[in-house]
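> I would like to see how this sequence folds:
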Amino acid sequence: MKTVSLKIDDSIFGETEKILSRISIPRNRYINEAIEYYNKVQKRQFLEKRLKAESELVKKESMKILKDFEKIDYAD
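Modelled structure (predicted):
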């Protein structure tokens with residue numbers, strides 16, 4: 001496990017201490033869980049951006065193929 005020193009705003013620290021007194025878990029565990037949760041949120045946002053970009057690429061190619069099909073004469 002790594003040791004990290006960080007500076008926390010007084011208001012955030014106070015709010016955290018109030019919450020910790022109610023849920024009875026160590027501050028270290030609480031901060032680890034908060035960081036783990038935030039990492040998951042960030043990964044999800046990265047994935048969402050990537051999927052949107054890739055979807056846009058596929059959309060453009062799909063539209064091109066659709067137009068090619070529209071040019072085909074099926075009257076035969």
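
> show me what the helix or strand harbouring residue 52 is packed up against.
Using DSSP states H and E, residue 52 maps to helix 27-71. Contacts defined by 3 or more C-beta pairs under 8 Å, 6 or more residues apart in numbering; DSSP states H and E place helix 27-71 against helix 10-23. C-beta coordinates here come from the backbone N, C-alpha and C atoms, glycine included.

> list the buried residues for the helix it packs on?
The neighbour-count check on helix 10-23 (16 or more other C-beta atoms under 10 Å) flags nothing as buried.

> average pLDDT across the helix holding residue 52?
Averaging pLDDT along helix 27-71 gives 92.

> got the angle for that helix vs helix 10-23?
Going by axes from the mean of the first three to the mean of the last three C-alpha atoms, to 10 degrees, helix 27-71 is angled at 100 degrees with respect to helix 10-23.

> how far away is residue 32 from residue 55?
Between residue 32 and residue 55 the computed distance is 35 Å (C-beta to C-beta, to the nearest Å).

> residue 67 now?
Distance, residue 67 to residue 55, by C-beta to C-beta: 19 Å.

> what's the answer for residue 20, then?
Distance, residue 20 to residue 55, by C-beta to C-beta: 42 Å.

> same question, residue 66
Counting by C-beta to C-beta, the gap from residue 66 to residue 55 is 16 Å.

> convert stretch 7-25 to PDB, retaining C-alpha atoms only.
What follows is stretch 7-25 as a C-alpha-only set of coordinates in PDB (Å, rounded to 0.1, in the frame of the first residue of the first chain):
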ATOM      1  CA  LYS A   7      -4.300  18.800   1.500                       C
ATOM      2  CA  ILE A   8      -8.100  18.800   2.000                       C
ATOM      3  CA  ASP A   9     -10.200  21.900   2.100                       C
ATOM      4  CA  ASP A  10     -11.400  22.600   5.600                       C
ATOM      5  CA  SER A  11     -15.100  22.400   4.600                       C
ATOM      6  CA  ILE A  12     -14.600  19.000   2.900                       C
ATOM      7  CA  PHE A  13     -12.700  17.700   5.900                       C
ATOM      8  CA  GLY A  14     -15.400  18.800   8.300                       C
ATOM      9  CA  GLU A  15     -18.100  17.300   6.300                       C
ATOM     10  CA  THR A  16     -16.200  14.100   5.900                       C
ATOM     11  CA  GLU A  17     -15.600  13.900   9.700                       C
ATOM     12  CA  LYS A  18     -19.300  14.300  10.300                       C
ATOM     13  CA  ILE A  19     -20.100  11.500   7.900                       C
ATOM     14  CA  LEU A  20     -17.400   9.200   9.400                       C
ATOM     15  CA  SER A  21     -18.800   9.700  12.900                       C
ATOM     16  CA  ARG A  22     -22.200   8.300  11.600                       C
ATOM     17  CA  ILE A  23     -20.900   5.400   9.600                       C
ATOM     18  CA  SER A  24     -18.100   4.200  11.800                       C
ATOM     19  CA  ILE A  25     -15.400   3.300   9.300                       C
END
